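J.: 3D model of this:
(one chain, ligands or ions: 1)
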Amino acid sequence: MMAQNSRLFEMDSPYADAKVDKDSIGSSFDSSQTSTSSSSSSVKRRRDGDEEDDDHSPSKKLVTEDSLHSQKVATHYNKIKECGLAERNKSRIVYMRNFNNWLKSVLIAEILDKVRQKRREVTVLDLGCGKGGDLLKWKKGRIDKLVCADIAAVSIEQCQQRYNDVRRRGHPNDRTFSAEFITADCSRELLSEKLQDPELQFDVCSCQFVYHYSFESESQADTMLRNACERLRPGGFFIGTTPDAYELVKRLEESDSNSFGNEVFSVTFQKKGEYPLFGCQYDFSLEGVVNVPEFLVYFPLFVEMAKKYNMRLVYKKTFKEFFEEKVKDGKNKDLMQWMQALEQYPPDERGQLSSSGPGEYDHAKRKAADPAVRRPLGTLSKSEWEATSIYLVYVFEKMS
Ligand SMILES: C[S@@+](CC[C@H](N)C(=O)[O-])C[C@H]1O[C@@H](n2cnc3c(N)ncnc32)[C@H](O)[C@@H]1O
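T.: Residues are numbered from 1 along each chain as shown. So this is what the prediction gives:
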């Protein structure tokens, strides 16, 4: 693994002018360096549930320290309770969640349309599937087979349960895709070794709100990418959503402290001015709950790394750009209203979406507002928009 801090971004202006040393990228992205080892054998479980290393050799220690973060990710996501729709609808970020779901639906539908032009049977890998929040999107897209993979065993169980429910509830004539579920740290283990059919190929790999966890180290980022791309057919797509490092660093540099945010989210870095290519950690908290640490994904580096797997970038768009482009299509706009991705104000009023887009008014003022005073109809609160506009959408295509 290369030294994590050896290549820092040069910070004349916040991140935007950051330079990547392409020569050293070229030399350091050699497939022979890809680590796929799982550290589980060198780790024994303590009674309190934490992991303890009984081998203190430097190499083992490094692996164990690295895998500690993976353990944290798994534990964090395993602990998140599956609350019902009613509970979710009470959340302050309900419109943001709906908006993110709308965005994923539009992206997935767009990609499946493209795939269907070439293929009748469609197989998908949902990398970091969580509890299966996208299952209905795959069903709607009439795919044939889905492989769901995640590091969190409890999430995978819930995902499988949800899949069984979807299957059971479907109309008898309504064919639901077949599915396979794999619990694995996809930044350290190779999925191809765990697939039921070792020859299986994918038309799409979808990696929604996940890839940034792997940017802890070069080998982890590479293994995750390998899992995403190595079994894609030529012409297949790797799609996903991840925080936009430029946006994060820009906001950080504008802030007086090491953090920024508002009443719904906050992002805290350990320090400003130095942003290593890998392992550049920040804490993200949503609605006051601290999430597991995440890592900056420097996008030009991501694009370079993907070339190793014969992937070309089709597009990268911020959520704002994606929204502005896709909402022009009446079908997507209808879907947005149907999914209540933008809040109606007042709540019982039916109206057209605000043409000015989300984030136009203040969340805090919402409750206090006189209902007689009309607000822009259908918009995310400013705070929710500030949180979700951190993210970007990417689409890569596998070259033949
Ligand atoms: C924010 S959730 C997104 C879940 C789902 N993709 C969605 O859009 O609803 C992030 C997911 O990534 C998973 N994850 C994080 N690191 C992972 C890794 N190394 N291997 C596999 N899954 C991972 C977490 O367990 C969690 O389920």
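J.: ok, Gly240 to the ligand distance?
T.: As defined by Cβ to the nearest ligand atom, to the nearest Å, Gly240 lies at a distance of 9 Å from the ligand. In short, each C-beta sits where N, CA and C put it, glycine included.
J.: and that residue, how many neighbours does it have?
T.: 22 (other Cβ atoms under 10 Å).
J.: so what's it scoring on pLDDT?
T.: The score at Gly240 is 98. That number is its pLDDT.
J.: isn't it right next to Tyr213, touching?
T.: No: the criterion here is Cβ atoms under 8 Å, and Gly240 misses it with Tyr213 at 11.9 Å.
J.: Which strand or helix spans Gly240?
T.: strand 232-243 (DSSP states H and E).
J.: The closest residue to Tyr315 other than its chain neighbours and Tyr213: what is the separation?
T.: Leaving out its chain neighbours, the residue that sits closest to Tyr315 by Cβ to Cβ, 6 or more residues apart in numbering is Val395, at 5.4 Å. Distance of Val395 to Tyr213, given as Cβ to Cβ, to the nearest Å: 20 Å.
J.: So between those two, which is more surrounded?
T.: Tyr213 (26 against 17).
J.: State the number of residues packed around the residue nearest to Cys148 when sequence neighbours are not counted.
T.: Of all residues not flanking Cys148 in the chain, Cys129 sits nearest, at 4.0 Å (Cβ to Cβ, 6+ apart). Residues lying near Cys129 (other Cβ under 10 Å) number 28.
J.: Secondary structure of Cys129: a helix, I assume?
T.: No: counting by DSSP: H, G, I helix; E, B strand; the rest coil, one finds Cys129 to be coil, located in no helix.
J.: Closest approach to the ligand from the stretch 51-200 of the chain, which residue is it?
T.: Gly130 (2.8 Å; Cβ to the nearest ligand atom).
J.: residue contacts, Asn262?
T.: Residues in contact with Asn262 (Cβ atoms under 8 Å, 6 or more residues apart in numbering) are Lys382, Ser383, Glu386, Ala387.
J.: and which of the residues you listed is nearest to Asn291?
T.: Ala387 (11.9 Å; Cβ to Cβ).
J.: host element of the closest one?
T.: helix 382-388.
J.: other SSEs contacting that helix?
T.: Counting contacts by 3 or more Cβ pairs under 8 Å, 6 or more residues apart in numbering; DSSP states H and E, helix 382-388 packs against helix 94-116, strand 265-269, helix 363-368.
J.: rerun that using 7 Å as the cut-off
T.: helix 94-116, helix 363-368 (3 or more Cβ pairs under 7 Å, 6 or more residues apart in numbering; DSSP states H and E).
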